[in-house]
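A.B. asks: Fold the stuff below for me.
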Amino acid sequence: MKAAILNSPQDVLKHPLQIFDVPRPELAPGHVLLRVRACGVCRTDLHIVEGELRPRRRDLIPGHQIVGDIIDGATAQFPIGTRVGVSWIGGIDGTCWYCKKNLENLCDAPVFTGYTVNGGYAEYALARSDFVFALPSTLDDLQAAPLLCAGIIGFRSLRVAGVEEGERVGLFGFGASAHLAIAVLRAWKCEVYVSTRGDSHRQLARSLGATWVGTELDKPPVELDRAVTFAPSGDVVIAALASLRKGGVVAINAIHLDRIPEFNYDRLLWGERQLRSVANMTRSDARDFLQIAAAINLRPKITVFPLDQANEALAAVKSDSIDGAAVIQPT
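C.D. replies: All right, here's what the predicted structure looks like:
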């Protein structure tokens, strides 16, 4: 099969991913073998490819937003030919304190798709059968792929922030995840305030029903009940904190952050304002979000890249040169 292989992390502009012919994965107990139809491109992939996340293995195939057909290892729930999705959490140990407390997203020994095990920048992929998800039939392969991390983790971010119906919610950054989260917020009758760089991102936010849209330097015109940050920037976290009412919550949706600058506690955090981090996702988050996505007829905005342009897809994510999500189509 053809696959994009990472041997040595480096700047994506140096094309660290190389396309090789490699053996198809062999079926393992408790797993399913998938023919990959599409794989979404996530900013976490960029952190992995550029080495901002410590390498966990050599000759890695990245990609953790996989849409594929089961061609081997079928179960009663998922027969041969079933179209399923795979996300970032590819498995847990099931025995640690967090797993026993129903906090599987914080598992001490997790499997990360496209990081600790090979992912979906390939024609075939292996996945644990208890960590694949049925996909809404109303979504085609390319539309479904970004839902499997950008969508799920955006939805979890709203949960971590404690968003309630009708609240004022700020989205700081407006890429793949935020442009899906806004659809959920609109369904919940929330007012959405978007601060983001890039005129095209601001235009997209307006077209998707944002109440107010500004640049990354602009402050929303009202105090926010909740905010979610999507950029891997500590400056953005401070901007979100500065926009909160007393008792408000900022959820940081980033697996990697550059740093958080020194800030004024009395002005920005006092008053029972809260900072929370969003760590991974649970299978419950995935199932609940996919059900909501089908109910509200969620349609991601996508840009498609062939497998041999995986580096270019990641570069586009890095430069924010596309609106919505990037998706790799192997064939």
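A.B. asks: Hmm, Ala134 is touching Val84, no?
C.D. replies: Yes: under the criterion of C-beta atoms under 8 Å, Ala134 makes contact with Val84 at 6.4 Å. The C-beta positions use only the backbone N, C-alpha and C, and glycine is treated the same way.
A.B. asks: More neighbours: which of those two?
C.D. replies: Val84 (22 against 14; other C-beta atoms under 10 Å).
A.B. asks: Mutual contacts of Ala134 and Val84, please.
C.D. replies: In terms of C-beta atoms under 8 Å, 6 or more residues apart in numbering, Ala134 and Val84 are both contacted by the residues Phe78.
A.B. asks: Check what pLDDT the spatially closest residue to Ala251 that is not a sequence neighbour gets.
C.D. replies: Using C-beta to C-beta, 6 or more residues apart in numbering and skipping the chain neighbours, the partner closest in space to Ala251 is Ala161 (3.9 Å). Listed pLDDT for Ala161 reads 98.
A.B. asks: cool, Glu167 as well?
C.D. replies: 98.
A.B. asks: Look at it and say how many residues are nearby.
C.D. replies: 18.
A.B. asks: Which residues are in contact with it?
C.D. replies: With C-beta under 8 Å, 6+ apart, Glu167 has these contacts: Cys190, Glu191, Asp225, Arg226.
A.B. asks: Any chance of a markdown table for the residues you listed, columns pLDDT and neighbour count?
C.D. replies: Putting the contacts of Glu167 into a markdown table (pLDDT from 0 to 100; neighbours: other C-beta atoms under 10 Å) gives the following:
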| residue | pLDDT | neighbour count |
| --- | --- | --- |
| Cys190 | 98 | 21 |
| Glu191 | 98 | 19 |
| Asp225 | 98 | 21 |
| Arg226 | 98 | 26 |
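A.B. asks: List just the nearest of those residues to Val304.
C.D. replies: The nearest member of these to Val304, counting by C-beta to C-beta, is Cys190 at 30.4 Å.
A.B. asks: what about that closest one, distance to Glu165?
C.D. replies: 7 Å (C-beta to C-beta, to the nearest Å).
A.B. asks: now Lys301
C.D. replies: 25 Å.
A.B. asks: Those two: who's more crowded?
C.D. replies: It is Lys301, of Lys301 and Glu165, that has more neighbours when counted by other C-beta under 10 Å, with 16 against 9.
A.B. asks: List the backbone torsions phi and psi for that one.
C.D. replies: The phi and psi values for Lys301, taken as degrees, to the nearest 10, are phi -90, psi 130.
A.B. asks: Look up the closest residue to it, ignoring the ones flanking it.
C.D. replies: Going by C-beta to C-beta, 6+ apart, Lys301 has Gly324 as its nearest residue, at 3.0 Å.
A.B. asks: before we move on, what about Pro221?
C.D. replies: Using C-beta to C-beta, 6+ apart, the closest residue to Pro221 is Trp212 (6.1 Å).
A.B. asks: That neighbour: how many residues sit nearby?
C.D. replies: Residues near Trp212, counting by other C-beta under 10 Å: 17.
A.B. asks: confidence score at it?
C.D. replies: 98.
A.B. asks: Could you pull up the contacting residues of the residue nearest to Lys301?
C.D. replies: Gly324 neighbours (C-beta under 8 Å, 6+ apart): Pro146, Gly175, Ala176, His179, Leu204, Pro300, Lys301, Ile302, Thr303.
A.B. asks: Go again with 6 Å.
C.D. replies: His179, Pro300, Lys301, Ile302 (C-beta atoms under 6 Å, 6 or more residues apart in numbering).
A.B. asks: who does the longest strand belonging to the chain touch, helix- and strand-wise?
C.D. replies: Identified as the longest strand of the chain according to DSSP state E is strand 31-41. Secondary-structure packing of strand 31-41 (3 or more C-beta pairs under 6 Å, 6 or more residues apart in numbering; DSSP states H and E): strand 65-72, strand 124-128, helix 141-144, strand 325-329.
A.B. asks: what do you get if the cut-off is 7 Å, keeping everything else the same?
C.D. replies: When contacts are defined as 3 or more C-beta pairs under 7 Å, 6 or more residues apart in numbering; DSSP states H and E, strand 31-41 packs onto strand 65-72, strand 124-128, helix 141-144, helix 310-319, strand 325-329.
A.B. asks: which one of these lies closest to Ile48?
C.D. replies: helix 310-319 (9.7 Å).
A.B. asks: Alpha carbons of that closest one, as PDB, please.
C.D. replies: The C-alpha trace of helix 310-319 is given here as PDB (Å, rounded to 0.1, in the frame of the first residue of the first chain):
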ATOM      1  CA  ALA A 310       0.300  15.300   2.600                       C
ATOM      2  CA  ASN A 311       3.100  17.800   3.300                       C
ATOM      3  CA  GLU A 312       1.200  20.500   1.500                       C
ATOM      4  CA  ALA A 313      -2.000  19.700   3.400                       C
ATOM      5  CA  LEU A 314      -0.100  20.200   6.700                       C
ATOM      6  CA  ALA A 315       1.500  23.400   5.400                       C
ATOM      7  CA  ALA A 316      -1.900  24.800   4.600                       C
ATOM      8  CA  VAL A 317      -3.000  24.000   8.200                       C
ATOM      9  CA  LYS A 318       0.100  25.700   9.600                       C
ATOM     10  CA  SER A 319      -0.400  28.800   7.500                       C
END
